[in-house]
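Chemist: model this:
(2 chains)
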Amino acid sequence: MMETPRIDTDGIVWDLWVRNAEQSPECEAILHWSAGQPPYRWLRGDLLRAAGKYAEHLEGLGVRKGDVCALIIRHRKEFYPIYMAVCALGALPSVLAYPNQRLHPDKFRQGLEGMAKKSGLHWVLTERDLDSITSPLLLREGSTVRGIFFPLEWTEEAGESPGRILHPGVRFGDPFLLQHSSGTTGLQKAVVLSHRAILEHVHLYGLSIGLNPDDRIVSWLPLYHDMGLIAAFHLPLAAGIPVVQLDPFEWVTAPVIFLDAISRERGTLGWLPNFAYNLMADRIRGDDLEGIRLDSVRMLINCSEPVRAESHDRFYGRFAPYGFRRSALAACYAMAETTFAATQTHPGREANRLTVAREAIGKDVIRMPETQEDARVCISSGAPIPGCEMRIVDESGADLSGGRLGEIAIRSVSLFDGYRNHPEQTAEVLRDGWYFTGDYGFSHEGEYYVIGRKKDIIIVAGKNIYPEDIEDAVGQVPGILPGRVIAFGMEDRDSGTEQIGVVAETSHSEDLEKKKLRRAVVRAGMQIDVTISRVYLAPPRWLIKSSSGKPARRANMDRAVVGLDWR
Amino acid sequence: MEAMISERLKKVILRELDLDDFDIEDTTTADMVPGWDSLNHARVIAAVEEEFGIRFRTLELIALRNVGGLQELIDKQNRGSR
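Modeler: The predicted structure is shown next:
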């Protein structure tokens, strides 16, 4: 194997991009794929020149070092230099999801307003279609938003690479970007990542996957997600290897385009949330696979939701005839707070499996199963990457040894600097240099197995959803008793991800009224872009409260599944 | 020309999304229909293909904008197979 390219970690991110472009301006950097069109191939030199142009334009409009710039742009080839331009000025990019039509415009705007209030928002870079939704942000009293730009409409003038320094006084330890968690109400937190965190991470993570100059990454991941932004954008850009960027919406409509891109571009690496393995194995038809070859792939890395053995098996079974190797079934454990990955399975080797007793997991002790029915196959997320240490701890934060199940705590050179403007929330999870993840897992022979969560967060297709957001939306449906709602995730083996269930109390008892109410609950979910698959309606005072006085999610979920009708 | 949505197509969509009834017209888009999210889209399309004994092409699927477009694709394929 060729040696992992050295990524300089002693400067700032923009300088590294400049060096890469100056060394090999004609090398391919980003291959932007769009259905029905030939791929647009950004060369390093052209990409940097375009970024410089956008940066000059933004500077002229008043964007300065430290300003927060929200980027809300669809899959467009211009996105990349626009993002880089924000970085060139020392401003902080924050990539946000472009709202789909399902999301109510008011909810989207509320999310932006919440972000402006909590983490600061100075400029919005978006598309003209969002003008009517975003422009009220400017008019609100006390708004921090200074301007909304539509950079896709700026014509690019010919010019040379920016010779002058565009980032006055930006240092290694300065904040580089904001990564927002999902959440539509007041729950969003912005993870602040410095130049140090990004550069250290891409360097050390590159080592852990044996990144080499022959690698080519293929990705359909949205860039507002840390997996897309760090693994499939910052990593290749810093390491100087090409990345194929596909449209997430095109991929979910026609998942074969991911395999087609691997086959045509000779892709070697990709990151996928677990559901994607099921979707591709189940939904891609044989006649669409004609001519597809997957021999070039050395790692497909499962990440962002619980890794399921069955999903790996299905994917391998389906695509082995097309050259996909079992050794390419990899996994990692990652989160925005550690920039991206904390662990990684070994390159060239399938992720390890461990069969443990299902019943014992609930008792916080890991042991081998005595019966087949009690067996649960866990997939390893690998060993800590260089620069990262991990512990399994109990509720008091004390170490648990000997394969005991507990909370995962991480210390890393690429740890975040806290949640922006949220010192209390930061202090809750960041103590003595350790980040307490809220995820449950255990270690075995030096590798980590992540099997649950302390928090009630729901993960659907790699996207984190706060139950509070759903409960808030459903609680406002006329006929539902306010505050008497719980939302939860339910494992769905078929799709390889979670489905959302809701239990809501109502005084209605007539079947017809309940039917209408169920539909209204589903619609309330749609308005915050959440699909509620099961609605359990319960009579008043059905939900059990926890000690805090709120309905307890897990206890009620178990009761609802057994005792209530959801149709 | 606007495509008339056939009862047969409506029935498949409703069945796949576990809906008793929903007013589906040619201008209806997936995000207007409860449960028709991007993950369930592939299931709906597969069910439509099976029901009508047809196969859509990747580019056709990506270009699809509403149920009217889906009906047109079905009609086109049916005409072609006659």
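Chemist: ok, the closest residue to A:Leu279 other than its chain neighbours - how many residues close by?
Modeler: Closest residue to A:Leu279 apart from its sequence neighbours, by C-beta to C-beta, 6 or more residues apart in numbering or on different chains: A:Pro255 at 5.5 Å. No exception for glycine: its C-beta is placed from N, CA and C like everyone else's. A:Pro255 is flanked by 21 other residues according to other C-beta atoms under 10 Å in any protein chain shown.
Chemist: got the phi and psi for A:Pro255?
Modeler: The phi and psi torsions at A:Pro255 (degrees, to the nearest 10) take the values phi -60, psi -20.
Chemist: neighbours of A:Arg353, just the number please.
Modeler: The burial count for A:Arg353: 12, using other C-beta under 10 Å.
Chemist: what sits against it?
Modeler: A:309, A:377-380 (C-beta atoms under 8 Å, 6 or more residues apart in numbering or on different chains).
Chemist: show me what it bridges to in the sheet.
Modeler: Counting by DSSP bridges, A:Arg353 forms beta bridges with A:Ile379.
Chemist: how about the residues of chain B by chain A?
Modeler: Within chain B, the positions lying close to chain A (C-beta under 8 Å from any C-beta of the partner chain) are B:20, B:29, B:31-32, B:34-35, B:37-42, B:46, B:55, B:58-59, B:61-64.
Chemist: filter these down to just the buried residues.
Modeler: B:29, B:32, B:34-35, B:37-42, B:58, B:61-62, B:64 (16 or more other C-beta atoms under 10 Å in any protein chain shown).
Chemist: least trustworthy helix or strand in chain A by mean pLDDT?
Modeler: In chain A, no helix or strand scores lower on mean pLDDT, DSSP states H and E than helix A:358-361, which sits at a mean of 67.
Chemist: apart from its chain neighbours, what residue comes closest to the residue in chain B that chain A sits nearest to?
Modeler: Of all residues in chain B, the one sitting closest to chain A is B:Asp31 (3.8 Å; C-beta to the nearest C-beta). Distance criterion C-beta to C-beta, 6+ apart; nearest residue to B:Asp31, sequence neighbours excluded, is A:Arg102 at 3.8 Å.
Chemist: hmm, the one you found is touching A:Asp529, no?
Modeler: Yes. At 5.1 Å, A:Arg102 counts as touching A:Asp529 under the criterion of C-beta atoms under 8 Å.
Chemist: what packs against whichever strand or helix holds A:Glu310?
Modeler: Counting by DSSP states H and E, the element that carries A:Glu310 is helix A:309-319. With contacts taken as 3 or more C-beta pairs under 8 Å, 6 or more residues apart in numbering or on different chains; DSSP states H and E, helix A:309-319 sits against helix A:274-283, strand A:299-302, strand A:329-334, strand A:375-379.
Chemist: next one: it to chain centre, how far?
Modeler: Chain-centre distance of helix A:309-319: 22 Å, with C-alpha atoms, centre = their mean, to the nearest Å.
Chemist: buried stuff in that helix?
Modeler: A:309, A:311-312, A:314-316, A:318-319.
Chemist: of all these, which comes closest to A:Asn464?
Modeler: Comparing the buried residues of helix A:309-319 against A:Asn464 with C-beta to C-beta places A:Ser311 closest, at 18.8 Å.
Chemist: how about the contacts made by that closest one?
Modeler: If you count contacts by C-beta under 8 Å, 6+ apart, A:Ser311 has them with A:274-275, A:277-278, A:281, A:302, A:496.
Chemist: so which of the helices and strands packed on helix A:309-319 comes closest to A:Gly475?
Modeler: It's helix A:274-283; of those, that one is closest to A:Gly475 (C-beta to C-beta) at 28.0 Å.
Chemist: does A:Ala487 count as helix, strand or coil?
Modeler: strand (DSSP: H, G, I helix; E, B strand; the rest coil).
Chemist: so A:Arg534 touches A:Gly501, yeah?
Modeler: Yes. Judged on C-beta under 8 Å, A:Arg534 makes contact with A:Gly501 at a distance of 4.2 Å.
Chemist: between those two, what contacts are shared?
Modeler: Joint contacts of A:Arg534 and A:Gly501 (C-beta under 8 Å, 6+ apart) are A:490, A:566.
Chemist: out of everything not next to it in sequence, what's closest to A:Leu124?
Modeler: You called it Leu, but residue A:124 is Val. Using C-beta to C-beta, 6+ apart, the closest residue to A:Val124 is A:Ile148 (4.5 Å).
Chemist: what about A:Val477, which helix or strand?
Modeler: Going by DSSP H and E, A:Val477 is not in any helix or strand.
Chemist: burial of it, as a residue count?
Modeler: Every residue meeting other C-beta under 10 Å relative to A:Val477 is counted, giving 20.
Chemist: what sits against it?
Modeler: A:504, A:517, A:520-521, A:524.
Chemist: for the closest residue to chain B within chain A, helix, strand, or coil?
Modeler: Proximity of chain A to chain B (C-beta to the nearest C-beta) peaks at A:Arg102, 3.8 Å away. Assigned with three-state DSSP, A:Arg102 falls in the coil class.
Chemist: tell me the SS of the residue nearest to A:Val124?
Modeler: strand.
Chemist: ok, it touching A:Asp131?
Modeler: Yes. Contact criterion C-beta under 8 Å: A:Ile148 and A:Asp131 qualify, at 7.4 Å.
Chemist: quick test: name the residue nearest the centre of chain B.
Modeler: B:Leu70 (4.5 Å; C-alpha atoms, centre = their mean).
Chemist: just the strands in the stretch 301-450 of chain A please.
Modeler: All strands of the stretch 301-450 of chain A, identified by DSSP state E, counting those that start in this stretch, fall at A:329-334, A:341-344, A:353-357, A:375-379, A:383-384, A:388-393, A:406-412, A:430-431, A:434-444, A:447-453.
Chemist: residues making contact with whichever helix or strand comes after the last one?
Modeler: Proceeding N to C from strand A:447-453, the next assigned helix or strand is strand A:458-460, under DSSP H and E. The set of residues that contact strand A:458-460 without belonging to it, under C-beta under 8 Å, 6+ apart, is A:304-306, A:464-467, A:487-489, A:497-500, A:530-531, B:39.
Chemist: can you tell me the closest non-neighbouring residue to the residue nearest to the spatial centre of chain A?
Modeler: For chain A, A:His225 is the residue whose C-alpha lies nearest the centre (C-alpha atoms, centre = their mean; 3.4 Å). Distances taken as C-beta to C-beta, 6+ apart place A:Gly462 nearest to A:His225, at 6.9 Å, with adjacent residues excluded.
Chemist: doesn't A:Met227 make contact with the one you found?
Modeler: Yes. Between A:Gly462 and A:Met227 there is a contact at 7.2 Å, judged by C-beta under 8 Å.
Chemist: quickly list what's touching both of the two.
Modeler: Shared contacts of A:Gly462 and A:Met227, defined by C-beta under 8 Å, 6+ apart, comprise A:273, A:304.
Chemist: and those two? which has more neighbours close in?
Modeler: The neighbour comparison of A:Gly462 against A:Met227 (other C-beta under 10 Å) goes to A:Met227, with 25 against 20.
Chemist: can you name the residues that contact the more buried one?
Modeler: A:221, A:271, A:273, A:303-304, A:334, A:340, A:462.
Chemist: buried subset of those?
Modeler: A:221, A:271, A:273, A:303-304, A:334, A:340, A:462.
Chemist: between the residues you listed, which is nearest A:Leu204?
Modeler: A:Phe340 (10.3 Å).
Chemist: and for that closest one, nearest residue in space, chain neighbours not counted?
Modeler: Closest to A:Phe340 by C-beta to C-beta, 6+ apart is A:Ile230, at 3.9 Å.
Chemist: so who does the one you found touch?
Modeler: A:Ile230 touches A:198, A:201-202, A:339-340, counting by C-beta under 8 Å, 6+ apart.
Chemist: low-scoring stretches of the stretch 251-400 of chain A, by residue?
Modeler: Residue ranges of the stretch 251-400 of chain A with pLDDT under 70: A:359-365.
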